[in-house]
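Asker: Here is my input, please return the structure:
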Amino acid sequence: MLLDAHAASLVAAASFTKVAEFSGLTFFDNFSFMTAKDPTPNTTNQYISRANATKANLIYFNQGAGSAFMAVDSSTVVPSGGKRSSVRIQSNKVYNSGTLLVADIGHAPTGCGTWPAMWFKGLNQGELDFMEGVNTMSYNNMVIHTSSGCYGEPDRSSQLGQALSQTCGINDPPVPSPALSNGCATKVNDSSTFGPQFNAVGGGAYTINWDTNGFAIHFFSRPNIPADILSENPNPDTWGLPLMRFDFGCCPSNHFQDLRLIINTALCGKWPISNWGDSGCPSDLTCEQYVLSTPGGFNDAYWAIHSIKEYKNNGK
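Answerer: The predicted structure is shown next:
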């Protein structure tokens, strides 16, 4: 019996070899630190250097929890017109097709004014945001952005998430129109994937499987991480439907080259501001006013990352 291309790829994708791990005391050695205002319009944070973040206790390795800690400043009242300190890191390494990445995350930032994200960005404006949300949001939004000429497959029945739009190109007309989201977005209606509930159970593991057919993103909450992931013998064939599957049928794969992993927490910006009233955030303060005047509002605005492991797909 003939196998179609997708089925054949699943057979070939069963073998993976671990090639790198970011964890422990050397976690931050694998990244460069952005030192600038967040480039997104209307944000109210300043990214600081590794030296300054270490001095301010915004980054360190938590020996007891076994996790790299990366936080927003939660102790300073910032004067009007100022910026609250935050951290943005970008991997020194680039990633391409044939990669399976497993990110074991114990805690992700949450709270009014926050915009945390774990994402990839590379050449040709190719971008894959696999963990992202704002304010007190309790679900994950995944999105792909590219240069012109990239669209999502109309049939997205092979994923668990809700597809919101098919147009990935930042300058292309939206499909459907009007678009429900910017970029090829997928909403995950599962409170364990992001926000307070994600943190309450100790987070979990996100996996990004990138082969010549496209991307598949799975998530497993802490109690449900499969044994094959824990034993470093990942077998995506056994993981069921992904939260998001993005095939390259309507999007040339050359939109995604030399992607770097980015982890950051922005503050305010268009999305948190537009979502402010629906998030239970203070109605008597704007997002900017809250961010600058309420340091205690950022006690939960931190990442705790146990490890990021990279596997090579021996079939792709």
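
Asker: all contacts plus neighbour counts: C-alpha atoms, from now on.
Answerer: Will do.

Asker: for this protein, what's the longest strand?
Answerer: Longest strand in the chain by number of residues (criterion: DSSP state E): strand 302-313.

Asker: Strand partners (parallel or antiparallel) of that one?
Answerer: strand 16-23 (antiparallel), strand 67-71 (antiparallel), strand 99-107 (antiparallel) (DSSP bridges).

Asker: Save those strands as a markdown table, and put in mean pLDDT and distance to residue 32 too.
Answerer: Converted to a markdown table, the strands paired with strand 302-313 look like this (pLDDT from 0 to 100; distance: least, Cα to Cα, whole Å):
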| stretch | mean pLDDT | distance to residue 32 |
| --- | --- | --- |
| strand 16-23 | 98 | 13 |
| strand 67-71 | 98 | 14 |
| strand 99-107 | 98 | 18 |
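
Asker: Ok, which of the ones you listed comes nearest residue 276?
Answerer: Minimum separation from residue 276 across the strands paired with strand 302-313 (Cα to Cα) falls at strand 67-71, 21.3 Å.

Asker: Show me what the helix or strand encompassing residue 130 is packed up against.
Answerer: Element membership for residue 130 (DSSP states H and E) is strand 127-132. With contacts defined as 3 or more Cα pairs under 8 Å, 6 or more residues apart in numbering; DSSP states H and E, strand 127-132 has these neighbours: strand 114-121, strand 140-145.

Asker: Strand 140-145 and that strand, what's the angle between them?
Answerer: Orientation of strand 127-132 against strand 140-145 (axes from the mean of the first three to the mean of the last three Cα atoms, to 10 degrees) gives an angle of 170 degrees.

Asker: can you pull the buried residues of strand 127-132?
Answerer: Neighbour counts over strand 127-132 (16 or more other Cα atoms under 10 Å) mark 127-132 as buried.

Asker: circling back to that earlier point, for residue 314, find the nearest of the strands paired with strand 302-313.
Answerer: Closest to residue 314 of the strands paired with strand 302-313, according to Cα to Cα: strand 16-23, at 5.6 Å.

Asker: how far is that closest one from where the chain is centred?
Answerer: Computed by Cα atoms, centre = their mean, to the nearest Å, the chain-centroid distance of strand 16-23 equals 19 Å.

Asker: All the helices of the protein, in order from the start?
Answerer: Assigned by DSSP state H, the helices in the chain fall at 5-12, 50-55, 195-200, 227-230, 270-274, 287-293.

Asker: got TSV for those, with distance to residue 255, mean neighbour count and mean pLDDT too?
Answerer: Output for the helices of the chain, formatted as TSV (distance: least, Cα to Cα, whole Å; neighbours: other Cα atoms under 10 Å; pLDDT from 0 to 100):
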stretch	distance to residue 255	mean neighbour count	mean pLDDT
helix 5-12	20	12	44
helix 50-55	31	15	98
helix 195-200	30	20	97
helix 227-230	29	12	98
helix 270-274	25	17	95
helix 287-293	35	20	98
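
Asker: Of all those, which one is nearest residue 212?
Answerer: Nearest to residue 212 among the helices of the chain is helix 5-12 (8.6 Å), distances taken as Cα to Cα.

Asker: ok, back up a step: okay if I get the helices and strands packed on strand 127-132 as JSON lines plus mean neighbour count, distance to residue 173 and mean pLDDT?
Answerer: As requested, the helices and strands packed on strand 127-132 are arranged in JSON lines below (neighbours: other Cα atoms under 10 Å; distance: least, Cα to Cα, whole Å; pLDDT from 0 to 100):
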{"stretch": "strand 114-121", "mean neighbour count": "23", "distance to residue 173": "22", "mean pLDDT": "98"}
{"stretch": "strand 140-145", "mean neighbour count": "25", "distance to residue 173": "13", "mean pLDDT": "95"}
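
Asker: Perfect, that will be all.
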